[in-house]
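[1] test case, fold it:
(3 chains)
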Amino acid sequence: MGLRVALTGNHAVAYAVKLADPDVIAAYPITPQTSIVEKLAELIDKGELRARMIRVESEHSALAACFGAAVAGARTFTATSSQGLLYMHEFVHWVSRARIPVVMAIVSRTINTPWNIWPDHSDFVDQRDAGWVMSYAMDSQEAFDLTLQAFKVSEDPSVYLPVMVGLEGFIIGHTAMPVEIPDENIVKEWLGERRQPYVIDGSEPLGLGGLTFPEDTEDMFYHIQEAMNNAKNVIKKVDEEYGKLFGRKYGGLVSCYNCIDAKYIAISMGAWSGDLVEAVDKLREEGYPVGALRIRYYRPFPAEDIWEIVRNAKGIVVFDRAISFGAWGQIYTDLVAGFSLYTNKLPQMANIVAGIAGVNVISEDFYGILKSFIDKSESGTLERNYFAWIKVRR
Amino acid sequence: MLYEIIFLGRGGQGGVTASNILVQAAIYENKYGQGFPFFGAERRGAPVAAYARISDKPILRHGMFNEADILVILDDSLIKLGIVKKYTVRDNGTLIINTPEKTIPRDQVSTRGKINVYAVNATMIARELGLIVAGWPLVNTPMLGALSAATRLVSLENIEKATLYYFGSKLGAKNVEAIKRAYMETMYLSEV
Amino acid sequence: MVKVVKPPRNDKLPLTRPVIGVAGKTGLWRNMKPLVNNVKCTRCYQCEIYCPVNAINVEPETGAMINYDYCKGCGLCMDVCPSGAITMIPETGE
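    Residues are numbered from 1 along each chain as shown, chains lettered A, B, ... in the order given. Here you go, the predicted model:
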């Protein structure tokens, strides 16, 4: 067993990065991410981390600097939030399409305007089409584990895609929780040397991103999709290995709680999944056959894994902490699309959008929603699938 | 058993540090904890709350709360300002106040059921030990000593150990002295 | 340290390697051809600097020398020449 200390989610990410021994870190400060790179700067200053910290003038430059360094063979890390991530968005695509391993932490904060520093998943899910492997933590320990695993997944030759690790600002980012830090030498041996598909370091003339004809470009898109499919197995393999070495295994792309015999399943992502589990416990005590399923990896989207778990469920409630304006919650949209490939008859479903911009959602809220959904479903009064906001003052 | 704790003070008094040290102390007792600030921007001088949860089981919930089992008041001027009243102490809960007073105005405290009230003059302890930064007496660590004395939620020994871990041995030593004194000087005031 | 490991199925990557004459000899694209009058040429190097395909070399003794293997006949050299030393003629002959 390693050292067990109280760390905020942000500091947990920083210590995981430290263990991954990166060569280059470039970042621009933004609430609520800043304390990650502050801690890394402090570790560099104390000589505990040998990485080079590149101070840049914007997030766009931060990822560009990481990208350039990574292409040259450096293990790199950056972190951002909200507006910073949006400003960086052009390079988010660059990195994945160049098939260059980079790890980035997204400390979620909603999107302007109005100015609001509190968390939801808007900034994170907004990146879903960018070709990054995307994971999301539920507490400080998982933020630590996912960050460390991100380097392993990203640098796997059958993946070679950048990885972003999400965690809610404040709720996880600024909340001190017990975190077990594994032994440095075991981590080093497990993670191994930096691997990438090519290096541009001046030793041979090589151009990146030159004009490419439609057919070749389409092939590259296809290969990114293949790499995403490969990532599913790599993520599971890494989760297994990590579990054996460090004692924490999460179950792959999704994590289940009381799902096996559940007739109703609630699906969520992020910190509030813990509050949801408490609601499930209470409902179970009252005899409701309900379980909770938590999405740990949003890309590659684990539709098949989830379908295997929920295929016999009568009803599913999907909680989204973001909204695709004019459509629905992004997780719900992806789930329904995914399910449609495995069945022609969807279960009863509801999509709840809540917790936007930091609105406090607690286990009593989940309890009420699930109880009402199940009661309606059991009494046959749930006429059709529905979409709803909660806590909105109309 | 899950305990929810609120440290109520002014921005800069170290409520967040106190909650983080408390979590570290709980870890030494193989317990679980969460320590977090009011989610928002830092505001020195403004009334602010810091939060902690301590449990013998992993803590799943992450929501904010305004009702606590233990309410720690770092600055007694917040009582007359009517700010303490905005937070509720649960039945069987504990209220710990940094104050030289021997009584508390009951109409300024919100409770659900019966609670026990304790007091300690942490400001005086900090002053006497020279625990002062930028002119502010550091009352957060002595109040942890008072919390241990009043509730036994975590032991004095582990509060001290966590404080030394947090501040390092040089800065930590003076804090530990203050914690010890506050632990000894914490007085039971009354039941409310 | 970094190790280059190819992806197992040899995914296509957005990389290009320079190859001599990858597009062939671009002189074949030429429709109009620049001719230099080296008596008028003052060796000012403007044409060498502006030539977009690096097909002009100016030497003090010889003046501007055009590499017709790669000159595409764009005429920029004639445009920038301050002393009217370059004229464009049809590729098919005068």
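
[2] tell me where the chain has helices.
    I went with chain A, as the question did not name one. Assigned by DSSP state H, the helices in chain A fall at A:9-20, A:35-45, A:59-71, A:82-97, A:122-125, A:140-154, A:184-191, A:214-246, A:272-285, A:303-310, A:330-339, A:363-378.

[3] switch to chain B, that's the one I care about
    Going by DSSP H, chain B shows helices at B:15-28, B:77-80, B:122-128, B:140-151, B:156-185.

[4] and if you look at chain C?
    Using DSSP H, helices in chain C cover C:46-50, C:76-80.

[5] how about the closest residue to chain B within the stretch 201-350 of chain A, what does it touch?
    Using CB to the nearest CB, the single residue of the stretch 201-350 of chain A nearest to chain B is A:G274, 3.4 Å away. (C-beta placed from N, C-alpha, C; glycine too.) Contact analysis of A:G274 by CB atoms under 8 Å, 6 or more residues apart in numbering or on different chains lists A:M138, A:D139, B:I59, B:L60, B:R61, B:H62.

[6] residues from chain C in reach of chain A?
    Within chain C, the positions near chain A by CB under 8 Å from any CB of the partner chain are C:1-9, C:11-18.

[7] only the buried subset of the residues you listed, as a ChimeraX command please.
    Only the buried entries of those go into this ChimeraX selection, using 16 or more other CB atoms under 10 Å in any protein chain shown:
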select /C:2,7,11,12,13,14,15
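
[8] sort out which of the residues of chain C next to chain A are in strands and list them.
    The strands, defined by DSSP state E, take in C:V2, C:K3, C:V4, C:L15, C:T16 from those.

[9] tell me the two of those residues that are most distant?
    Based on CB to CB, the longest span within these runs between C:K3 and C:T16 and measures 22.6 Å.

[10] can you list the weak-confidence ranges in the chain?
    I went with chain A, as the question did not name one. Applying pLDDT under 70 to chain A flags the ranges A:1.

[11] please go with chain C instead
    Checking chain C against pLDDT under 70 turns up C:21-22, C:93-94.

[12] in it, what residue lies closest to chain B?
    Evaluated by CB to the nearest CB, chain C has C:M1 as its residue closest to chain B, separated by 34.7 Å.

[13] and the gap between B:L8 and B:P137?
    Between B:L8 and B:P137 the computed distance is 17 Å (CB to CB, to the nearest Å).

[14] state the distance from the spatially most central residue of chain B to A:R394.
    The structure's chain B has its C-alpha centroid closest to B:V72; by CA atoms, centre = their mean the separation is 4.1 Å. Using CB to CB, B:V72 is found at 39 Å from A:R394.

[15] does C:Q46 really touch C:M78, like I thought?
    No - between C:Q46 and C:M78 there is no contact under CB atoms under 8 Å: 10.8 Å.

[16] who's more crowded, the two?
    Between C:Q46 and C:M78, counting by other CB atoms under 10 Å in any protein chain shown, C:Q46 is the more crowded of the two (20 against 17).

[17] just give the closest residue to the more buried one, not the sequence neighbours.
    Residue nearest to C:Q46 in three dimensions, not counting chain neighbours: C:V80, with 4.7 Å by CB to CB, 6 or more residues apart in numbering or on different chains.

[18] what is the burial count for residue 125?
    In the absence of a named chain, this looks at chain A. So A:V125, with other CB under 10 Å, has 25 neighbours.

[19] chain B is the one I meant
    27.

[20] residues contacting it?
    B:L131, B:V139, B:P142, B:A178, B:R181, B:A182, B:E185.

[21] ok, now A:L370?
    For A:L370, counting by CB under 8 Å, 6+ apart, the contacting residues are A:Y264, A:A266, A:A279, A:V280, A:L283, A:Y288, A:V290, A:V317.

[22] any idea how far chain B is from the nearest residue to the third one once chain neighbours are set aside?
    When you say that, I think you mean A:A279. Excluding its sequence neighbours, the residue lying closest to A:A279 (CB to CB, 6+ apart) is A:F366, at 3.7 Å. Relative to chain B, A:F366 is positioned 10 Å away (CB to the nearest CB, to the nearest Å).

[23] isn't A:F366 up against A:D281?
    No - contact between A:F366 and A:D281 fails when scored by CB under 8 Å: they sit 10.7 Å apart.

[24] look at these two and report which has more neighbours.
    A:F366 (28 against 16).

[25] which residues touch the more buried one?
    Taking CB under 8 Å, 6+ apart as the test, what A:F366 contacts is A:A266, A:W272, A:D275, A:L276, A:E278, A:A279, A:V280, A:F319.

[26] pull up the residues of chain B that are close to chain A.
    B:19-20, B:23-24, B:26-27, B:32-37, B:39-41, B:59-64, B:162, B:165.

[27] and for the residue of chain A at minimum distance from chain C, the neighbour number?
    Nearest residue of chain A to chain C: A:G73, at 3.5 Å (CB to the nearest CB). A:G73 has 20 neighbouring residues, counting by other CB under 10 Å.

[28] give me the phi and psi angles of it.
    phi 110, psi 10 (degrees, to the nearest 10).

[29] can you tell me the closest non-neighbouring residue to it?
    C:V2 (3.5 Å).

[30] now swap in A:C256 and tell me
    A:L293 (5.4 Å).

[31] confirm for me that that neighbour is in contact with A:N258.
    No - in this structure, A:L293 is not within contact of A:N258 by CB under 8 Å, at 9.6 Å.

[32] higher neighbour count, these two?
    A:L293 (26 against 17).

[33] for the more buried one, which residues are in contact?
    A:L293 touches A:V254, A:S255, A:C256, A:Y257, A:C259, A:I265, A:A266, A:I267, A:S268, A:I306, A:I309, A:V310, counting by CB under 8 Å, 6+ apart.

[34] what is the neighbour count of the first one?
    Meaning A:V254. 19.

[35] check the last one too.
    Other residues within reach of A:V310 by the criterion other CB under 10 Å amount to 23.

[36] OK, contacts around it?
    Shown in contact with A:V310 (CB under 8 Å, 6+ apart): A:C259, A:I265, A:I267, A:L293, A:I316, A:P347.

[37] show me these that map onto strands.
    A:I265, A:I267, A:L293, A:I316.

[38] chain A against chain B: which residues are in contact?
    Counting by CB under 8 Å from any CB, chain A sits next to chain B at A:4-6, A:8, A:31, A:117-118, A:139, A:169-172, A:174-178, A:271-272, A:274-275, A:277-278, A:358, A:360-363.

[39] among the residues you listed, which lie within strands?
    A:R4, A:V5, A:A6, A:T8, A:A176, A:M177, A:P178.

[40] correct me if wrong: the second one contacts A:V179.
    What it means is A:V5. Yes - under the criterion of CB under 8 Å, A:V5 makes contact with A:V179 at 6.1 Å.

[41] who's more crowded, these two?
    A:V179 (25 against 21).

[42] list the contacts of the residue lying closest to the more buried one once chain neighbours are set aside.
    In this structure, A:V179 finds its nearest non-sequential neighbour in A:L7, 4.3 Å apart by CB to CB, 6+ apart. By CB under 8 Å, 6+ apart, the contact list for A:L7 reads A:Y15, A:S140, A:F144, A:A176, A:M177, A:V179.

[43] 7 Å instead, please
    A:Y15, A:S140, A:A176, A:V179 (CB atoms under 7 Å, 6 or more residues apart in numbering or on different chains).

[44] right, and the pair among these with maximum separation?
    Spanning the widest gap among these are A:Y15 and A:A176, at 12.8 Å by CB to CB.
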